[in-house]
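Chemist: Coordinates only, no sequence provided:
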């Protein structure tokens, strides 16, 4: 039985981790970290857990946790995990960091986009970017996982095959993304109140969102050259779900079948990436509650562009589900253990 | 492995049955009935099932199904199951009917409220009302289950202990219920369009809703006398969830502890009924996707009434989940098999 | 031109007042009070007002306001208006208080339910309860208006005719109300975040909500005896709208026509109360953005109860619209000036 | 008093026309056309109109209407208006067609994208594309107005100044648009049911949506050369609102101030186009219920692209409001008459 500790268990991603781990047959949670709710019953914060979780919320204490847990999930704001990690901690336990601290290999670039100093640069190189479908073998051997961001997961998986195969002009990539509101976190902010989000759609972080360098880096590794692109996230009045609509110019004329073959060659064996049938656009309703990413594409011969689309649940494949998938790989379990979740509709 | 057939698998309740049975380790679906989508891939109707269900939709054929299936679920409008059931069918297979056909023991009363003739009155007596927490032993021996309605399940479980114990004046019971829109079905009707339901709340079926006699009958059995009550359903702009707020006058002065003890004595051993801590009102968000019913009560000394409240997911405990719970009992399985679903929030 | 000042102009009700007064041909706003946003442009708080309102937010200063304004609207939490009002202020200007401070004639009762001391009891008697349809003549002569609460407005108007005419047993009145989330205010609270409210319905303030005594008082005046009743509010995932479903036992057998005649006799001449045709239930979507209250009723001969229903926009007739209606009466204008708003659907 | 007739008054756009015209001081509606609801009271279809509109729904009869009405609005599917228009009709009355029939000057192109034959090509040339801000003088003299589509209105107004001024490379234009569900119409379709739209976002009509040629044509006129672009609409779970996020490469380096000056030079005098302050992104909540289009832009020096954004209410400026604006111009009224609507929030 894998003993798991969660730092930041009372955010939306942390709570989703609890939901998934409660249904995982080889893991148990030994620490419900939450600085905001110390000593309160976890089920008093999330009443769905009544009669399911009886534990109290605990303070963030990574050193103590390292003694107790085989794996620590940090579902906390940027800067926290990197300030707590140490060689001693990593010698005792594994860490799956759901924050951005170890996603960007260039620490200066991290500091520039995130506006904070990185307190433990020495671990950046070791950290494995935990996009399982791409870095599976490295994940298996890792002590420290940088769990990918929600937008990057969906964006990268939608574009990766065509970037890797050199089919698209990487200077023309534009990603227009749309997210449900759980992605904005559980902090009490006027802008996230029901009446502010409901009946509204808006772009935010235009040309400046922090997930941009993460996406650029990964697609850059795929195509073998630096990538600079536009990424525009939007806030949608729904709880869960991310939809990515990405545009790029094709380098040469290709047929539907050729592109479909490429996607299939990358994802046919992947449990959690579904390449949809021709003409079926990904929709967030079809993946809700599950670890799937649905992808598809459309070639526009008029403009010689390809439109690449992806849909997933931001809290599952975009956060907690992928973290569990990483855990499974790190501990030699079946990658899908605890993640065979049929999407819940409606 | 229990072979299950579903007639009406492309409605919301039918699809939820598929979701639950796909995650049930002792059952497999052998028939996806859907008169509307015959010969189409099931996943073309519900894309969440892509790469999960590969079967085609089949016509409704209970005779053929009886040969193939150990249990048949009918998730169809009233009148269909009762027109297809026969001694021959029941000699070969078990039936769990999610419609209202066998819920009302008095056939005249059924015909009066539903406005249709009952074509197989001879099976009404045999049918067991499948509210597992109340009729568990009878369910275990049944061939034909009348799976309770969504509103009745939530209403009855909220009120039952106080009705049974004689604490409330049954002539004063008023049930004000609120339901998400999946309860209205997947038929293409203007009134159920997004723009008609969103940003709206309305009562409907006031003093005339068909679930009224079902609730009255069951509470009547509990208190040992005929019950006549008011039941008012409302349509709420959300996908899933039923909330019941019920009112009744107390026959005598009681304390919180006394009433709490009564609820506990009925539900402490029940996995799927959670009696909430004092002061915590049931909310639909805390049960979504799960088979739980959360109940609680508040005594109002000013009016000498007790307000009884319940929340559940109308598609799970209110339909498909309860049907699986019945199946588990009928086949001697652990009652919770396939139903240990942690509520999904948000 | 009536000069109007608003204290609390950056809450939802305050902002709705701005919307309505901007479209009122005989009024202009001279003061946008908002302690939270002092010196910020009003349109920076509410971007819908860009190029419509150019003013800055001002501190709460009733003395200065009394010099400048012919009427002051206080759209603030309880306790503020009553702490600022004085004979001097009232000698210079009129006050329409959207808070609860002057709604309850019995100051002890106010203090008990609201849990605060009333700092200006001497004005309670003078204050007129501004439910225009009932107290029209008194409103016209008032200096100080207690603008009714949202739930009370809808509840009272739904029940008033039958209470006044003695048709119903006042000891049996139960009010089950449902409100959109703007009624919860614009404060940054976790419980009002989008993901907490969306896909959820809950009761709150059960047997203890502060609007209870207000409703009881007014219905008590109507029937000529003290009234004690149950009032249960619910939070609905929508921005605007209140729906009231009220239950009471009929004192004697009555026909639909008799009850309809009573409602018509009270409301036929009222612009803002619409008695719906037989069988049509009030729905909040049909009144959104307008000052209408839609009411109707259903007699249930089985239980000898009448179900009384009402729907309105909580921010218009339940707050800002009714405040403007009161202003119109107080200044001798056409009662409907600025309020001829066609409900906006969808 | 302008006598207005509406063909198609029971769709969402038609009903919005009724709402706006009921609040217009110089117009009255003389014909509520609705083939689906002939002889029913209009308020039975839309209960918000109870006690506001007493008329019955009438059949579509343009010849009879031409005798009675000074202006006919056709809020109907493509193909209807073009099949009813004639020289005789146009000699008696003006027509504002909210469908696409007369928007595309090249009839072959219309037929190709819409898949139907155009039955009255002879009127295409005469028809004026009623985007008032661009074609104001032509609108004033027109007999036949092609009222712009919802997506095109928002897209064109967002991009027009930079296209016209030659600042952007028109071969790089990509428009990613998001719309509320009222844009999908009031037809009873499974895909538009509440439970299908709620908690979901999807792209549709990818690389094939019919509004594409309309946008291309108008932007082509602006820049003086044919334009081919990508336009991707998305369906958002909200009633009203369109948001456009458009991307294009800048031809040369420009500053924020330069681009701002260009937008201001086009729109400073325009009542209904608001160029937002620097850094404020358009959001649909701030324009709901009004005739405003909010636009803004962001220069991305990293990619040398400009992101152009626009938000409006699809039923007002995107349909009925613009139609009224056109009517005002055609009849020599103040362009804003009946359209001084303060956006309703929340």
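Modeler: Sure, I can see it. Just so we're clear, the structure is a prediction, and the values are computed from it rather than from any experiment.
Chemist: Look up how far chain B lies from residue A:123.
Modeler: 33 Å (C-beta to the nearest C-beta, to the nearest Å). Where C-beta positions appear, they are placed from N, C-alpha and C, glycine not excepted.
Chemist: isn't that residue right up against residue A:144?
Modeler: Yes. Between residue A:123 and residue A:144 a contact is recorded at 6.0 Å, counting by C-beta atoms under 8 Å.
Chemist: anything in contact with each of these two?
Modeler: Taking C-beta atoms under 8 Å, 6 or more residues apart in numbering or on different chains as the contact rule, the neighbours common to residue A:123 and residue A:144 are A:85, A:90, A:102.
Chemist: What is the nearest of these to residue D:189?
Modeler: Closest approach to residue D:189 among those (C-beta to C-beta): residue A:102, at 47.1 Å.
Chemist: Could you pull up the residues touching the closest one?
Modeler: Counting by C-beta under 8 Å, 6+ apart, residue A:102 makes contact with A:81, A:82, A:123, A:124, A:127, A:144, A:145, A:146.
Chemist: Compile the residues you listed into TSV and extend it with columns for secondary structure and distance to chain D.
Modeler: Below are the contacts of residue A:102 laid out as TSV (DSSP: H, G, I helix; E, B strand; the rest coil; distance: C-beta to the nearest C-beta, whole Å):
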residue	secondary structure	distance to chain D
A:81	helix	28
A:82	helix	25
A:123	helix	28
A:124	coil	23
A:127	coil	25
A:144	strand	30
A:145	strand	29
A:146	strand	23
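Chemist: Neighbour-wise, give me the winner out of these.
Modeler: residue A:81 (30 neighbours; other C-beta atoms under 10 Å in any protein chain shown).
Chemist: quick one: the strands in the stretch 151-300 of chain A?
Modeler: Along the stretch 151-300 of chain A, the segments classed as strands by DSSP state E, counting those that start in this stretch run A:174-179, A:202-203, A:230-235, A:242-249, A:273-275, A:293-300.
Chemist: Looking at those, spot the one closest to chain C.
Modeler: Judged by C-beta to the nearest C-beta, the one of the strands of the stretch 151-300 of chain A that comes nearest to chain C is strand A:230-235, at 9.2 Å.
Chemist: Show me what the helix or strand harbouring residue A:4 is packed up against.
Modeler: If you go by DSSP states H and E, residue A:4 is part of strand A:2-7. Applying 3 or more C-beta pairs under 8 Å, 6 or more residues apart in numbering or on different chains; DSSP states H and E, we find strand A:2-7 packed against helix A:12-22, strand A:27-32, helix A:62-68, strand A:71-74, helix A:80-84.
Chemist: what does the first one rub up against?
Modeler: Spelled out, it's helix A:12-22. Residues contacting helix A:12-22 (C-beta under 8 Å, 6+ apart): A:4, A:6, A:8-9, A:27-29, A:32, A:34, A:42, A:46, A:48-49, A:52-53, A:73, A:75, A:98, A:182, A:185-186, A:315-316, A:319-321, A:323-324, A:338-339, B:342-346, C:195.
Chemist: Next step: the residues you listed restricted to helices.
Modeler: Cross-referencing the contacts of helix A:12-22 against helices under DSSP state H gives A:42, A:321, A:323, A:324, C:195.
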